[in-house]
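Engineer: 3D, please:
(one chain, ligands or ions: 1)
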Amino acid sequence: MVRVGLVGLGFMGQQHLQIYQDMENVELVAVCDVIPERASEKAPSVGGNIGEAAELDLSAQARYLCFSEMLESEQLDLVDICTPTHLHAEMTVAALQAGNHVVCEKPMARTVSQCDEMIAAAQKTGNMLFIAQCIRFWPEYEVLAKMVADGELGEVKAARFIRQSPAPGWASEGWLLDPKLSGGALLDLHIHDVDFILSLFGTPNAVLSRGMNILADGAPVDHVDTQYLYDDFVCTAQAGWVNPDSFPFNMAFQVLGTGGLMEFSVGNDPMLRWYPFDGEPTTPEYEGGSGYENELAYFCKCVEDGTPPERVTPHSARESVRIATAEAQSIETREIVIIG
Ligand SMILES: NC(=O)c1ccc[n+]([C@@H]2O[C@H](COP(=O)([O-])OP(=O)(O)OC[C@H]3O[C@@H](n4cnc5c(N)ncnc54)[C@H](O)[C@@H]3O)[C@@H](O)[C@H]2O)c1
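Structural biologist: From the prediction side, this is the model:
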């Protein structure tokens with residue numbers, strides 16, 4: 001049994017909580033949130049951009065308002081951090097130093113130097129650190145990654161990724177709309193595609209981004225459009241949370257290779273479709289489930305087995321923050337940013 005303590009019972013924490021409650025190899029021992037209602041026996045659900053969570057039953061868990069008190073009082077194997085992004089680094093370091101393995105929500109941290117602090121603490125303590133880059137575990141994206149790796153797509157020539165969300169009005173104290181805390185849609189939403197693109201194609205030579213600012217004050221990061229400059233194919237990604245509330249959450253990709261085109265959109269039926277140049281369109285067979293379930297099952301098994309995760313290493317999650325930061329720089333300077 002992996003003994004888990006979960007901090008941050010907002011939108012994402014509630015998703016994780018419900019997954020842990022269904023897992024056979026996990027005992028959710030303790031939960032923590034600064035909002036007393038959220039850390040109460042019957043916690044109200046927090047909606048997000050992928051649908052509502054149900055009301056939570058926390059009667060079986062020790063409930064804390066203070067994170068350091070939870071760390072001091074509980075014997076845990078794994079601490080799960082679902083708090084706002086600007087708190088990831090200090091909470092991760094504290095949990096690692098208190099002797100726990102850590103799963104921390106994406107993006108790894110607000111800045112690259114905070115990512116470095118987290119990596120240093122994991123190395124020093126010898127405890128495992130896993131960043132919840134769920135898209136790498138999302139079934140349709142896994143199908144694409146496997147087809148690219150197996151050469152079924154042929155040589156990739158063009159790739160396009162899209163992520164569109166209603167404005168994140170659910171965030172506690174509006175933290176998501178403050179770019180200093182969240183990095184805006186660029187770091188919070190778009191990081192999913194940045195991370196997946198890097199895992200699929202490696203680090204680009206350069207990025208060219210344009211952004212705009214409608215909801216947030218400050219940096220133009222509500223909406224981003226980036227070209228990733230690779231040697232021999234074109235790759236773009238667009239993400240934004242400046243959409244009418246009535247517009248449903250969308251994530252989508254089209255990847256064209258010499259073998260055919262793979263298309264995915266949550267708005268399509270079927271969502272995933274393979275169009276080969278030399279045959280009829282098909283929908284590949286794959287296991288269902290969500291990336292959230294798959295990533296937590298994967299890392300809890302790593303903890304159970306004492307085996308460091310090979311998928312989403314801390315360095316790779318840091319690289320995603322580094323490239324997103326270069327995109328922010330490109331938006332600001334309006335120039336191509338060369339990636340060293
Ligand atoms: N993987 C995904 O698809 C996905 C989706 C949404 C959010 N996220 C990530 O999850 C994290 C949380 O986002 P969210 O949308 O759930 O935000 P949220 O505002 O809904 O929830 C954050 C929770 O943390 C609590 N909190 C804040 N400071 C705290 C502290 N010091 N101690 C204890 N609790 C504290 C807040 O009270 C709140 O309940 C972010 O890093 C975000 O990027 C990931």
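
Engineer: tell me the contacts of residue 8?
Structural biologist: Residues in contact with residue 8 (Cβ atoms under 8 Å, 6 or more residues apart in numbering) are 32, 33, 81, 82, 83, 84, 105. C-betas here are computed from N, CA, C, even on glycine.

Engineer: Mind pulling up the pLDDT for residue 219?
Structural biologist: On pLDDT, residue 219 comes in at 70.

Engineer: and if you look at the one 5 residues further on?
Structural biologist: For residue 224, the pLDDT comes out at 97.

Engineer: What strands line up against the helix or strand encompassing it, and which way round?
Structural biologist: Using DSSP states H and E, residue 224 falls within strand 223-229. Strand 223-229 has these partner strands in its sheet, going by DSSP bridges: strand 206-212 (antiparallel), strand 234-240 (antiparallel).

Engineer: Among those strands, which comes closest to the ligand?
Structural biologist: strand 234-240 (12.1 Å; Cβ to the nearest ligand atom).

Engineer: Could you check that closest one against the ligand for contacts?
Structural biologist: No - using Cβ under 6 Å from any ligand atom, we find that strand 234-240 stays clear of the ligand, coming within 12.1 Å at best.

Engineer: and that strand, average pLDDT?
Structural biologist: 97.

Engineer: List the buried residues in it.
Structural biologist: 235, 236, 237, 238, 239, 240 (16 or more other Cβ atoms under 10 Å).

Engineer: Surely residue 291 touches residue 192?
Structural biologist: No - in this structure residue 291 lies outside contact range of residue 192 using Cβ atoms under 8 Å: 9.2 Å.

Engineer: How about the contacts made by the closest residue to residue 131 other than its chain neighbours?
Structural biologist: Excluding the flanking residues, the one nearest residue 131 by Cβ to Cβ, 6 or more residues apart in numbering is residue 317, at 3.7 Å. With contact taken as Cβ under 8 Å, 6+ apart, residue 317 is in contact with 106, 107, 108, 115, 131, 133, 195.

Engineer: One more pass at 7 Å, please.
Structural biologist: Shown in contact with residue 317 (Cβ atoms under 7 Å, 6 or more residues apart in numbering): 108, 131, 133, 195.

Engineer: Let's see which of those residues end up in strands.
Structural biologist: Among the contacts of residue 317, the ones falling in strands (DSSP state E) are residue 131.

Engineer: related to what we said a few turns ago, considering only the contacts of residue 8, which also neighbour the ligand?
Structural biologist: 32, 33, 82, 83, 84, 105.

Engineer: Check those residues against residue 250 and report the nearest one.
Structural biologist: Residue 250 lies nearest to residue 105 out of the ones next to the ligand among the contacts of residue 8, by Cβ to Cβ, at 21.0 Å.

Engineer: so that closest one touches residue 84, yeah?
Structural biologist: No - Residue 105 lies out of contact with residue 84 (Cβ atoms under 7 Å); the separation is 9.3 Å.

Engineer: Show me which residues of the stretch 101-250 of the chain are close to the ligand?
Structural biologist: 105, 106, 132, 134, 170, 171, 172, 175, 188.

Engineer: For the last one, grab phi and psi.
Structural biologist: To tie it back to what came earlier, the one meant is residue 188. phi -80, psi -40 (degrees, to the nearest 10).

Engineer: quick one on the thing from earlier: of the residues of the stretch 101-250 of the chain next to the ligand, the lowest pLDDT goes to which?
Structural biologist: residue 170 (82).

Engineer: Find the closest residue to the ligand in the stretch 201-340 of the chain.
Structural biologist: For the stretch 201-340 of the chain, Cβ to the nearest ligand atom, closest residue to the ligand: residue 292, 6.8 Å.

Engineer: Quick one: neighbours of the closest residue to the ligand within the chain, just the number.
Structural biologist: Closest to the ligand within the chain is residue 10: 1.8 Å, counting by Cβ to the nearest ligand atom. By other Cβ atoms under 10 Å, 21 other residues sit near residue 10.

Engineer: One more: residue 194?
Structural biologist: 31.

Engineer: Show me the shaky parts of the protein.
Structural biologist: 47-54, 216-218 (pLDDT under 70).

Engineer: Mark out where each domain of it begins and ends.
Structural biologist: 2-132, 135-292+320-338 (automatic domain parsing).

Engineer: Switch those domains over to TSV; also include distance to residue 308.
Structural biologist: Converted to TSV, those look like this (distance: least, Cβ to Cβ, whole Å):
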stretch	distance to residue 308
domain 2-132	5
domain 135-292+320-338	16
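
Engineer: so who does residue 194 touch?
Structural biologist: 237, 320, 323, 324.

Engineer: Remind me which helix or strand the third one belongs to.
Structural biologist: It stands for residue 323. helix 314-333.

Engineer: What pairs with whichever helix or strand comes after that helix, parallel or antiparallel?
Structural biologist: Following helix 314-333 in sequence order, the next helix or strand is strand 337-338 (DSSP H and E). Sheet pairing for strand 337-338, assigned by DSSP bridges, gives strand 206-212 (antiparallel).

Engineer: Kind regards, and thank you for your time.
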